[in-house]
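> Mind looking at a prediction? Sequence and model below.
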Amino acid sequence: MEFEREILETDILIVGAGPAGLATAYKIAQLAQSQSLEMPEILLIDKGSYTGAHALSGAVMDPKGIAELIPDFKEKNAPLEAEVSSDAMHYLSENGSSKLPFVPPSLHNTGKYVISLNKFTAWMAEQVEALGVDIYAGLAGYDLIVEDNKVTGVQTVDMGLDKEGNQRSNFEPGSIIQAKVTILCEGVHGSLTRHAFEKIPELLKDVVPQSYLTGVKEVWEVPDGRIQPGEVIHLFGYPQPSNEYGGGWIYGMTDNKVSVGFTVGLNSPNPQNDPHNKFQLYKNHPLVKKILEGGTMLHYGAKTIPDNGYYSIPKLYHNGLMLCGDSAGMLNPLKLKGVHLAIKSGIMAAETAIEAIKADDFSEKTLSNYKTKFDNSWAKTELYESRNFHAGFKGGLFAGMFHAGMQIITGGRGLFDRKVSKLDHEYMLTKKAYQQKFGVEPSKPTLKFDNEYLFDKLTNVYKSGTMHEEEQPSHLQITDFDICNTKCKEEYGNPCQHFCPAHVYEMVEDGIDSKLQLTPSNCVHCKTCDIADPYQVIRWVTPQGGEGPNYTNC
Ligand code: SF4
């Protein structure tokens with residue numbers, strides 16, 4: 001059936017209503033008002049069913065960003081769980097733990113706040129709307145439109161297709177949103193950002209490949225006295241092998257709620273690297289258990305984290321395009337914090353957008369002011385100082401700690417500048433190569449999930465509020481199923497069964513053989529599969545708008 005797409009026009013299109021997108025919209029509206037400019041048309045779209053539905057983080061927030069954007073954020077009742085009251089770091093062995101006698105100064109969290117990111121973004125959205133900007137939640141961008149070397153907008157997702165892609169009776173074609181400038185604030189490994197990198201290769205010219213962690217978290221309500229609001233505990237060691245990157249956190253929230261999570265590097269050699277499994281093992285450690293046991297698990301979530309820092313920041317602008325927040329890799333790997341940097345990037349992109357509006361020039365010449373602002377900002381200084389942190393752990397945990405110490409002494413350089421050159425999935429070894437290198441077959445510990453304290457993936461997915469309509473094309477596109485069912489099965493043992501924290505991928509016996517089967521409706525949109533698949537045959541594309549996780553209090 002032929003159809004025409006509706007064409008919508010706007011001055012500024014912002015994709016993603018996380019901290020970066022909301023900061024961008026807020027600052028543009030504020031600058032337009034303070035400079036008595038005609039308010040530009042701003043379209044802010046987000047794929048979640050409500051603002052904050054897909055926002056997930058630990059999180060301890062450095063208030064530097066929000067204080068610059070909304071100096072009276074406290075008076076405006078920003079939802080801060082608690083000001084950080086104490087910091088501690090522990091090294092975990094399988095059954096024991098050692099508290100570090102001191103927390104490195106760069107990891108002090110004095111003056112920072114424990115927050116629920118999805119509550120915080122919902123509050124930011126209220127501030128944005130109060131300035132007259134409408135936010136369109138449930139509207140998902142599907143394709144980035146690039147014409148004549150210029151980004152001209154976005155096509156939104158078609159709604160009402162069946163699994164084969166045929167139009168159903170409720171079919172609504174996606175619209176074309178034409179914008180003078182498109183600002184991508186999609187979060188980690190966004191699908192439109194990926195289009196931008198593919199269609200405009202110069203965005204990644206001379207940029208070091210990004211390196212990712214998958215973070216898995218739960219929010220618990222625990223008995224009185226287990227943890228104070230604002231108490232921050234960071235943990236490293238068990239269950240990560242010492243040659244792999246990652247660690248855990250426990251943050252005290254209000255009302256006896258606790259944010260507990262574990263991050264796992266996706267540059268693991270083990271094809272059975274399973275962030276969810278490691279998180280549950282970590283919860284079973286006596287130090288974590290004594291806080292959580294007897295409590296109730298309320299929420300679950302998982303997402304990837306861009307962790308390579310400064311050297312993986314792409315070119316931030318192109319004709320008609322700017323990149324902000326996690327889409328631009330703006331995360332400090334040393335502090336594992338990105339909310340303040342996302343907000344700051346949004347502020348700088350907004351200032352640049354206003355300059356472009358005034359000059360009526362959205363070419364990269366004008367938009368390059370965004371990069372100039374970044375280069376002169378505290379965001380650049382902070383990211384530059386942490387530029388070698390992640391790469392310093394390439395030789396394992398203890399070498400990494402030594403290098404981190406050297407980097408603190410030398411303003412970030414360490415013994416020498418370290419640049420990684422491989423993509424995360426290129427570190428994964430085949431079963432045979434793993435056996436040859438480590439003398440054992442790749443494996444992961446078997447855990448008994450009682451679904452009262454240790455939860456299996458499906459129970460956890462239920463606690464993420466994830467919803468997808470079954471009747472639609474799979475948003476996990478496998479470009480070659482034969483590879484999954486033959487080569488990948490033999491060589492790697494189908495790592496997707498392990499690294500996906502939502503039990504989307506499963507090898508199912510059909511009586512003769514086993515074949516890969518997908519349940520896309522479980523997907524929590526973490527993007528791990530798109531990053532970690534060793535053959536790169538999995539492509540995550542946006543499902544219908546308003547679907548995916550519905551995070552609350554996360
Ligand atoms: Fe994450 Fe991919 Fe699993 Fe979805 S299918 S939850 S994006 S790993």
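Looks like it came in fine.
> what's the following helix or strand after the lengthiest helix in the chain?
Across the chain, the longest stretch assigned as helix under DSSP state H is helix 339-359. Remark: after helix 339-359, the chain's next helix or strand is helix 364-367, criterion DSSP states H and E.
> how about the helices of the stretch 301-450 of the chain, start to end?
339-359, 364-367, 369-375, 378-385, 397-409, 431-438 (DSSP state H, counting those that start in this stretch).
> What count of nearby residues applies to residue 97?
When neighbours are defined as other C-beta atoms under 10 Å, residue 97 has 15 of them. Using the backbone N, CA and C atoms, a C-beta is placed for each residue, glycine as well.
> In contact with it: list those residues for me.
The contact partners of residue 97, by C-beta atoms under 8 Å, 6 or more residues apart in numbering, come to 90, 91, 235, 285, 286, 287.
> Now tabulate the helices of the stretch 301-450 of the chain in CSV and tack on distance to the ligand and mean pLDDT.
As requested, those are exported to CSV (distance: least, C-beta to the nearest ligand atom, whole Å; pLDDT from 0 to 100):
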stretch, distance to the ligand, mean pLDDT
helix 339-359, 20, 98
helix 364-367, 31, 98
helix 369-375, 29, 98
helix 378-385, 26, 96
helix 397-409, 25, 69
helix 431-438, 21, 98
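> ranking these by burial, who's on top?
Mean neighbours per residue, mean count of other C-beta atoms under 10 Å, is largest over those for helix 339-359, with a mean of 25.
> how much does it deviate in direction from helix 378-385?
130 degrees (axes from the mean of the first three to the mean of the last three C-alpha atoms, to 10 degrees).
> which helices and strands does helix 339-359 pack with?
strand 7-15, helix 19-34, helix 64-69, strand 176-184, strand 321-323, helix 364-367, helix 369-375, helix 378-385 (3 or more C-beta pairs under 8 Å, 6 or more residues apart in numbering; DSSP states H and E).
> switch to 7 Å and redo it
Packing partners of helix 339-359 (3 or more C-beta pairs under 7 Å, 6 or more residues apart in numbering; DSSP states H and E): helix 19-34, helix 64-69, strand 176-184, helix 364-367, helix 369-375, helix 378-385.
> Buried ones in the first one, by neighbour count?
This points to helix 19-34. 19-32 (16 or more other C-beta atoms under 10 Å).
> Redo the residues you listed as CSV? Include distance to residue 248 and pLDDT.
Listed next are these as CSV, based on distance: C-beta to C-beta, whole Å; pLDDT from 0 to 100:
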residue, distance to residue 248, pLDDT
19, 23, 98
20, 26, 98
21, 29, 98
22, 28, 98
23, 29, 98
24, 32, 98
25, 34, 98
26, 33, 98
27, 35, 98
28, 38, 98
29, 39, 98
30, 38, 98
31, 40, 98
32, 43, 98
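> Between strand 7-15 and the longest helix of the chain, find me the angle.
Going by the same axes, to 10 degrees, helix 339-359 makes 140 degrees with strand 7-15.
> can you give me the strands in the stretch 201-350 of the chain?
212-221, 231-237, 246-252, 257-265, 296-306, 317-318, 321-323 (DSSP state E, counting those that start in this stretch).
> What strands flank the shortest one, and is each parallel or antiparallel?
Spelled out, that is strand 317-318. Strand pairing for strand 317-318, using DSSP bridges, gives strand 321-323 (antiparallel).
> which residues sit against the strand it pairs with?
151, 181-184, 193, 196, 314, 316, 349, 352, 367, 370 (C-beta atoms under 7 Å, 6 or more residues apart in numbering).
> quick one, what contacts residue 57?
Per C-beta under 7 Å, 6+ apart, neighbours of residue 57: 117, 339.
> That one sits in which helix or strand?
Using DSSP H and E, no helix or strand contains residue 57.
> still on that earlier bit, which one of the contacts of residue 97 is nearest to residue 174?
For these, the closest approach to residue 174 (C-beta to C-beta) belongs to residue 235, at 44.1 Å.
> from memory that closest one sits against residue 92, does it?
Yes - contact criterion C-beta atoms under 7 Å: residue 235 and residue 92 qualify, at 5.4 Å.
> Nearest to the ligand: which residue in the stretch 151-300 of the chain?
residue 214 (7.9 Å; C-beta to the nearest ligand atom).
> Skipping adjacent residues, who's closest to that residue in space?
residue 275 (4.2 Å; C-beta to C-beta, 6 or more residues apart in numbering).
> And for residue 508?
Once flanking residues are discounted, residue 508 sits nearest to residue 517: 4.5 Å by C-beta to C-beta, 6+ apart.
> Residue 468 - how many residues pack around it?
Count around residue 468 with other C-beta under 10 Å applied: 20.
> Verify the contact between it and residue 521 for me.
Yes - using C-beta under 7 Å, residue 468 makes contact with residue 521 at a distance of 4.1 Å.
> what's the nearest residue to residue 503 once chain neighbours are set aside in contact with, if anything?
Leaving aside its chain neighbours, residue 503 sits nearest to residue 457 (3.8 Å; criterion: C-beta to C-beta, 6+ apart). Neighbour list for residue 457: 276, 501, 502, 503 [criterion: C-beta under 7 Å, 6+ apart].
> Likewise for residue 331?
305, 306, 307, 309, 338, 341.
> hmm, 6 Å instead?
The neighbours of residue 331, taking C-beta atoms under 6 Å, 6 or more residues apart in numbering as the test, are 306, 338.
> Identify whichever of the helices and strands packed on helix 339-359 lies nearest to residue 77.
Nearest of the helices and strands packed on helix 339-359 to residue 77, taken as C-beta to C-beta: helix 64-69 at 12.7 Å.
> list the helices and strands that closest one packs on?
Helix 64-69 sits against helix 339-359, with contacts defined as 3 or more C-beta pairs under 6 Å, 6 or more residues apart in numbering; DSSP states H and E.
> contact partners of the helix it packs on?
12, 19-20, 23-24, 27-28, 31, 40, 61-62, 64-66, 69, 181, 183, 322, 324-325, 330, 362, 366-367, 369-370, 373-374, 379.
> what's the spacing between it and its chain's center?
Remark: helix 339-359 is offset 21 Å from the chain centroid, using C-alpha atoms, centre = their mean, to the nearest Å.
> do the same with stretch 271-278
Centroid separation for stretch 271-278 versus its chain: 18 Å, with C-alpha atoms, centre = their mean.
> How far does it stretch from one end to the other?
14 Å (C-alpha to C-alpha, to the nearest Å).
> Please determine how far the closest residue in space to residue 113 that isn't next to it in sequence is located from residue 336.
Nearest non-adjacent residue to residue 113, counting by C-beta to C-beta, 6+ apart: residue 80, 4.4 Å away. The gap separating residue 80 from residue 336 is 19 Å, by C-beta to C-beta, to the nearest Å.
> Could I get the phi/psi values of residue 135?
The phi/psi pair for residue 135 (degrees, to the nearest 10) reads phi -110, psi 130.
> what does the average pLDDT come to for stretch 177-191?
Stretch 177-191 comes out with an average pLDDT of 97.
> An error on my part: the question was meant for stretch 155-166.
For stretch 155-166, mean pLDDT rounds to 96.
> List the contacts of that stretch.
When contacts are defined by C-beta under 6 Å, 6+ apart, stretch 155-166 is touched by residues 139-143, 168, 170-176, 471-473, 542, 544-545.
> how near is the residue of the stretch 351-500 of the chain found nearest the ligand to residue 129?
Residue of the stretch 351-500 of the chain nearest the ligand, by C-beta to the nearest ligand atom: residue 500 (3.4 Å). Distance of residue 500 to residue 129, given as C-beta to C-beta: 35 Å.
> More neighbours: which of the two?
Each of residue 500 and residue 129 has its neighbours counted (other C-beta under 10 Å); residue 500 has more, 29 against 17.
> Straight-line length of stretch 159-171, end to end?
End residues of stretch 159-171 are separated by 6 Å (C-alpha to C-alpha).
> now check stretch 270-281, is it near the ligand?
No - taking C-beta under 6 Å from any ligand atom as the criterion, stretch 270-281 and the ligand are apart, separated by no less than 9.2 Å.
> average model confidence for that stretch?
For stretch 270-281, the per-residue pLDDT averages 98.
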